[in-house]
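Engineer: next one to model:
(chains A and B)
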2 protein chains.
Amino acid sequence: MTESTEHRDKKIRVEDKYKLLYWPGLPGRGEPVRLAFEEAGADYEDVANCEKDGIKVLLKAKEACNAFAPPMLQHGDLMLSQTPNIMLYLGPRLKLVPETEEGRLLVNQYFLTASDCQNEAHDTHHPISVMDYYEDQKDAALAKAKSFRATRIPKFFKHFESVLSKGKGEWLVGDDVTYADLMLFHLVDGLKYAFPRRMKKLEPEFPKVFGVHERVAQRPRIAAYLKSDRRQKYGDGIYRYYEELDGDE
Amino acid sequence: MTESTEHRDKKIRVEDKYKLLYWPGLPGRGEPVRLAFEEAGADYEDVANCEKDGIKVLLKAKEACNAFAPPMLQHGDLMLSQTPNIMLYLGPRLKLVPETEEGRLLVNQYFLTASDCQNEAHDTHHPISVMDYYEDQKDAALAKAKSFRATRIPKFFKHFESVLSKGKGEWLVGDDVTYADLMLFHLVDGLKYAFPRRMKKLEPEFPKVFGVHERVAQRPRIAAYLKSDRRQKYGDGIYRYYEELDGDE
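Structural biologist: Presented below is the predicted three-dimensional model:
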């Protein structure tokens, strides 16, 4: 797609800044978007973490753009939601995808698969209802977390290890970092926070998957970001630490 | 994207047929792909439902293309997985998306949101582990289904009703059917099968959402498909009927 059609379609002006609209105080589903902006050195605003009445702005934007849930991306007159969809828009603009259509589709594919694993990680502490407290669904959570640790994390990691083994082993698609790698970093990072014992056991089995985590963390802009106050702390988001949900197996 | 770059990227020849690779005997996550082919009148093969050793072919393809799970799409030398990713590829080729980038992103966004609801529908009968029998997680299933019926279906339907109310009310994006509408049809159809009592109660509240279901079902090619033996029956897939998981509320 050429610059001119981009501009005709979406009324984006050169001076339009990217705005991320997501719940403040959490990495969450907004984090792959932040990682992409940071890796690209893009000029962006994390609205709800910067503005005083950020949540108000967030909810107004959600209403205005018919989003089911945050995150939303605002760019000029364009408003999008759904993390994989936001990434699809940003990928070529931030140069975090290959130039071929096939390469871009592969990046989207791996991003979606890592997102599926992330959804399952979330459901370990909320297997019954997102409307109820963890404490009210703890028995189901214990059973779900046990199964997630034993069968699901290894199944997803085996998949990504295999993808990395068939390529050059550094990045999921092609020779350079893409937003699929940033998502894999985020997944491994979140799982290390939520399931430290299990992840320690898994690390030697999946050197390439953990290698992507390390390699992303060491990229200069990402390393600076992770140390900055723009990086939100894990807490009551998707990835939560409950000692009883973790285990060696 | 022009035809010539398409061909350069993926080595697709004009005579290459679309091949869907998905578990035989179920609508499942392959169904939005089938619905798109049928609506477009495309020449496609539903491999595992047509070939004798379909499952063997399926598993071989899964291995070859590094898919995490079926469905996969094969088109010439190109092999893709993840339903939203397959739809992204097929959308413009089957003329089931608008021509603008913004329109295509909106279709992807609504497709992803309907898929999220579908995942939750699946989890009502398997809230703890996909590796275990329904009967072994029935207590959690009863609680999950209750919450899904009471709060989640209405939340998703309210979203789609609102999207339809802001447009012309017939289709989710623009003036014509897109693959997001086909997915909404599939979601409503599956939920009607799995939760008939609940869906009967919800129908008067969401006339536009149920209207999309009816309108898609009546499109000539879809109507013919639904009566054909190419259409798989619901059963032990994503949408399952257990009397005890349904209810008026």
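Engineer: relative to A:Tyr179, how far out is A:Leu187?
Structural biologist: Distance check for A:Leu187 against A:Tyr179: by CB to CB, to the nearest Å, it reads 13 Å. No exception for glycine: its C-beta is placed from N, CA and C like everyone else's.
Engineer: typed the wrong thing, it's A:Arg231
Structural biologist: Computed as CB to CB, the A:Arg231 to A:Tyr179 distance reads 17 Å.
Engineer: before we move on, what about A:Asp46?
Structural biologist: When distance is defined by CB to CB, A:Asp46 is 17 Å away from A:Tyr179.
Engineer: same check on A:Pro92?
Structural biologist: When distances are taken as CB to CB, A:Pro92 and A:Tyr179 turn out to be 10 Å apart.
Engineer: more neighbours, those two?
Structural biologist: A:Tyr179 (28 against 14; other CB atoms under 10 Å in any protein chain shown).
Engineer: excluding sequence neighbours, find me the nearest residue to the more buried one.
Structural biologist: Nearest non-adjacent residue to A:Tyr179, counting by CB to CB, 6 or more residues apart in numbering or on different chains: A:Leu96, 4.4 Å away.
Engineer: shouldn't the one you found be within a helix?
Structural biologist: No: with DSSP: H, G, I helix; E, B strand; the rest coil as the criterion, A:Leu96 is located in coil rather than a helix.
Engineer: list the residues that contact it.
Structural biologist: Shown in contact with A:Leu96 (CB atoms under 8 Å, 6 or more residues apart in numbering or on different chains): A:36, A:39-40, A:90, A:107, A:177-179, A:182.
Engineer: and what of A:Ala61?
Structural biologist: For A:Ala61, the residues meeting the contact criterion (CB under 8 Å, 6+ apart) are A:21, A:47, A:67, A:72, A:74, A:79.
Engineer: any chance of those in CSV with pLDDT, neighbour count and distance to chain B as columns?
Structural biologist: Below are these laid out as CSV (pLDDT from 0 to 100; neighbours: other CB atoms under 10 Å in any protein chain shown; distance: CB to the nearest CB, whole Å):
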residue, pLDDT, neighbour count, distance to chain B
A:Leu21, 95, 27, 14
A:Val47, 92, 19, 19
A:Ala67, 93, 22, 8
A:Met72, 96, 24, 10
A:Gln74, 95, 20, 13
A:Met79, 94, 19, 10
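Engineer: can you pick out the most distant pair from the residues you listed?
Structural biologist: For the contacts of A:Ala61, with distances taken as CB to CB, the pair at the greatest spread is A:Val47 and A:Ala67 (13.6 Å).
Engineer: would you map the helices across chain A?
Structural biologist: With helices called from DSSP state H, chain A shows them at A:3-10, A:31-40, A:47-50, A:54-64, A:83-93, A:101-125, A:138-147, A:153-166, A:179-194, A:196-202, A:207-217, A:220-227.
Engineer: what's the pLDDT at the residue nearest in space to the middle of chain A?
Structural biologist: Ranked by distance to the mean C-alpha position of chain A (CA atoms, centre = their mean), the top residue is A:Pro32 at 3.4 Å. For A:Pro32, the model assigns a pLDDT of 98.
Engineer: contacts only, for it.
Structural biologist: A:Pro32 makes contact with A:83, A:87, A:111, A:179, A:182-183, A:186, according to CB under 8 Å, 6+ apart.
Engineer: filter the residues you listed down to the buried ones.
Structural biologist: The neighbour-count test (16 or more other CB atoms under 10 Å in any protein chain shown) marks A:83, A:87, A:111, A:179, A:182-183, A:186 as buried among the contacts of A:Pro32.
Engineer: sorry, back to before: so can I have a markdown table of the helices of chain A showing distance to B:Arg215?
Structural biologist: Supplementary listing: the helices of chain A in a markdown table, determined by distance: least, CB to CB, whole Å:
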| stretch | distance to B:Arg215 |
| --- | --- |
| helix A:3-10 | 27 |
| helix A:31-40 | 35 |
| helix A:47-50 | 38 |
| helix A:54-64 | 27 |
| helix A:83-93 | 25 |
| helix A:101-125 | 28 |
| helix A:138-147 | 38 |
| helix A:153-166 | 38 |
| helix A:179-194 | 36 |
| helix A:196-202 | 48 |
| helix A:207-217 | 45 |
| helix A:220-227 | 47 |
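Engineer: mind checking which of the ones you listed is nearest B:Glu135?
Structural biologist: The stretch from the helices of chain A with the least distance to B:Glu135 (CB to CB) is helix A:138-147; that distance is 14.3 Å.
Engineer: for the closest one, buried residues please.
Structural biologist: In helix A:138-147, residues buried by neighbour count (16+ other CB under 10 Å) are A:140-147.
Engineer: now, which of these sits nearest A:Lys56?
Structural biologist: A:Ala141 (32.6 Å).
Engineer: quick check: the closest residue in space to A:Glu51 that isn't next to it in sequence vs B:Gly54, distance?
Structural biologist: Counting by CB to CB, 6+ apart, the nearest residue to A:Glu51 once its immediate chain neighbours are dropped is A:Val57, at 5.9 Å. Between A:Val57 and B:Gly54 the distance is 52 Å, computed by CB to CB.
Engineer: what pLDDT is listed against A:Glu3?
Structural biologist: Predicted confidence (pLDDT) at A:Glu3: the value is 38.
Engineer: do the same with the one 4 residues further on
Structural biologist: At A:His7, the model reports a pLDDT of 40.
Engineer: mind listing what A:Lys52 touches?
Structural biologist: With CB under 8 Å, 6+ apart as the criterion, no residue contacts A:Lys52.
Engineer: pop the domain breakdown of chain A in here.
Structural biologist: Residue ranges for each domain of chain A read A:18-94, A:101-245, as given by the TED database.
Engineer: who's the residue lying closest to A:Ala64 once chain neighbours are set aside bridged to?
Structural biologist: Taking CB to CB, 6+ apart as the measure, A:Ala64 lies nearest to A:Met79, with 6.9 Å between them; neighbours along the chain are not counted. Counting by DSSP bridges, A:Met79 is bridged to A:Gln74.
Engineer: am I right that A:Met79 is in contact with A:Lys62?
Structural biologist: No: here A:Met79 does not reach A:Lys62: they are 9.5 Å apart, not a contact under CB atoms under 8 Å.
Engineer: so where's chain A shaky on pLDDT?
Structural biologist: Per-residue confidence for chain A (pLDDT under 70) gives these ranges: A:1-11.
Engineer: wait, what's in contact with the residue lying closest to A:Pro24 once chain neighbours are set aside?
Structural biologist: In space, and not counting its chain neighbours, A:Pro24 is closest to A:Ala48: 4.1 Å by CB to CB, 6+ apart. A:Ala48 is in contact with A:21-24, A:54-55, A:57-58, counting by CB under 8 Å, 6+ apart.
Engineer: for chain B, see how far away A:Ala48 is.
Structural biologist: 20 Å (CB to the nearest CB, to the nearest Å).
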